[in-house]
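**Student:** build the 3D model from these lines:
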Amino acid sequence: MGIEIERKFLVNQLPPDLSAGLIICQGYMVNQEDRVVRIRTKGNKGFLTIKGKTIHTRRQEFEYEIPLTDAQQMLDILCEPPLVEKTRFKIEFKGFEWVIDRFAGKNLGLVVAEIELDHESQLFEIPPWAGEEVSHDPRYYNSNLIAHPYSTW
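**Tutor:** As a prediction, this is how the structure comes out:
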């Protein structure tokens, strides 16, 4: 069983030493409080992801690579609009890999940083470019940004 332990923070200012960004487009075939089934294109790859309910900062997660053309068709036909569009950057800070997502479309203006941990009590240093923690705020879940886009807050 896959387990994801993730902490999420708003980004005050993009760090100057970001990697090249990767365009991500994702949609949801199932979007319920206790489970989601997501389709995602990330660059030239497609993915099917199944996630369980978030409890604190932990949830079950299963992700499988699928053919890009299948993912694109599922996004077009089977996912509820609107789709979530973002550019993902990766950056190392104090021994951890962080991802920074800069959203586009109806979520333009939202920039968040995420760190995945091995266990919930794992210690890490928050980068100077990271601001308020929003790990426990469901408004920032990608699955909720479909029904309530950042631009409408």
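**Student:** what ranges does the chain have for its strands?
**Tutor:** 3-11, 22-32, 35-42, 45-52, 58-66, 84-93, 96-103, 111-116, 130-133 (DSSP state E).
**Student:** got the buried residues for the longest one?
**Tutor:** Along strand 22-32, the positions that meet the burial threshold by neighbour count (16 or more other Cβ atoms under 10 Å) are 24-29, 31. For the C-beta atoms, the positions are set from N, CA and C on the backbone; glycine is no exception.
**Student:** tabulate the strands of the chain (CSV), appending distance to Leu145.
**Tutor:** As requested, these are exported to CSV (distance: least, Cβ to Cβ, whole Å):
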stretch, distance to Leu145
strand 3-11, 12
strand 22-32, 10
strand 35-42, 12
strand 45-52, 15
strand 58-66, 17
strand 84-93, 6
strand 96-103, 7
strand 111-116, 10
strand 130-133, 17
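**Student:** what's the closest of the ones you listed to Phe124?
**Tutor:** strand 96-103 (5.4 Å; Cβ to Cβ).
**Student:** so for the closest one, mean pLDDT?
**Tutor:** For strand 96-103, the mean per-residue pLDDT is 97.
**Student:** elements contacting it?
**Tutor:** strand 84-93, strand 111-116 (3 or more Cβ pairs under 8 Å, 6 or more residues apart in numbering; DSSP states H and E).
**Student:** mind listing what's buried in that strand?
**Tutor:** Judged by neighbour count (16+ other Cβ under 10 Å), strand 96-103 contains these buried residues: 98-103.
**Student:** isn't Glu61 up against Lys51?
**Tutor:** Yes: Glu61 lies in contact with Lys51 (Cβ atoms under 8 Å); the separation is 5.0 Å.
**Student:** with neighbour numbers in mind, choose between the two.
**Tutor:** Between Glu61 and Lys51, Lys51 has the larger neighbour count (other Cβ atoms under 10 Å), namely 21 against 18.
**Student:** contact partners for the residue lying closest to Gln13 once chain neighbours are set aside?
**Tutor:** Closest residue to Gln13 apart from its sequence neighbours, by Cβ to Cβ, 6 or more residues apart in numbering: Trp129 at 5.2 Å. By Cβ atoms under 8 Å, 6 or more residues apart in numbering, the residues touching Trp129 are 11-15, 113.
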